[in-house]
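A.B. asks: for reference, the sequence and a predicted model appear below.
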Amino acid sequence: HLVESGGGLVQPGGSLRLSCTAPGFTLAYYTAAWFRHAPGKEREGVLCISRTDGNTEYADSVKGRFTISRDNAKNTLYLQMNNLKAEDTAVYYCGADMVYSGLGASGYDYWGQGTQVTVSS
């Protein structure tokens, strides 16, 4: 239902912008979020944005470095990642749901296939 893009290899301190589109439905009507899954770790909620008032939640590990935003005209969700660290290496997924679930992955019904982000020198 969702399609992520923009992942890749970046050096520590670098930046990437991930995109998430929703072919077939209007993403603006949904709470949307970014999650990540690193090898050997559980899936982690990174940021989410409410469908109603644009309220956002951030994981402590990314505050001040990552930003979530929407472009409703393009039906796209973005994740701007700055000052990337090796520990940010993971597969990043976007999720969407009609009900606000914050950073809890179990609350999201719609998912993308993920995009790999690797931070390494």
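C.D. replies: Thanks, I have the structure now.
A.B. asks: just the endpoints, please. Distance across stretch 18-31?
C.D. replies: One end of stretch 18-31 sits 17 Å from the other (Cα to Cα, to the nearest Å).
A.B. asks: and residue 28, backbone torsions?
C.D. replies: Main-chain torsions, residue 28, degrees, to the nearest 10: phi -60, psi -20.
A.B. asks: that one: what's its closest spatial neighbour, skipping adjacent residues?
C.D. replies: Leaving aside its chain neighbours, residue 28 sits nearest to residue 72 (4.3 Å; criterion: Cβ to Cβ, 6 or more residues apart in numbering). C-beta here means a position set from N, CA and C on the backbone, and glycine is covered the same way.
A.B. asks: quick check, pLDDT for the one you found.
C.D. replies: On pLDDT, residue 72 comes in at 93.
A.B. asks: isn't it right up against residue 32?
C.D. replies: No - with contact defined as Cβ atoms under 8 Å, residue 72 does not count as touching residue 32 (11.0 Å).
A.B. asks: so those two - more neighbours on which side?
C.D. replies: residue 32 (25 against 11; other Cβ atoms under 10 Å).
A.B. asks: quick one: strands adjacent to the helix or strand that that one is a member of?
C.D. replies: Per DSSP states H and E, residue 32 falls inside strand 31-37. As defined by DSSP bridges, the strand partners of strand 31-37 come to strand 44-49 (antiparallel), strand 90-97 (antiparallel).
A.B. asks: need those in a markdown table with mean neighbour count, distance to residue 108 and mean pLDDT, can you?
C.D. replies: Converted to a markdown table, these look like this (neighbours: other Cβ atoms under 10 Å; distance: least, Cβ to Cβ, whole Å; pLDDT from 0 to 100):
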| stretch | mean neighbour count | distance to residue 108 | mean pLDDT |
| --- | --- | --- | --- |
| strand 44-49 | 22 | 9 | 95 |
| strand 90-97 | 23 | 3 | 96 |
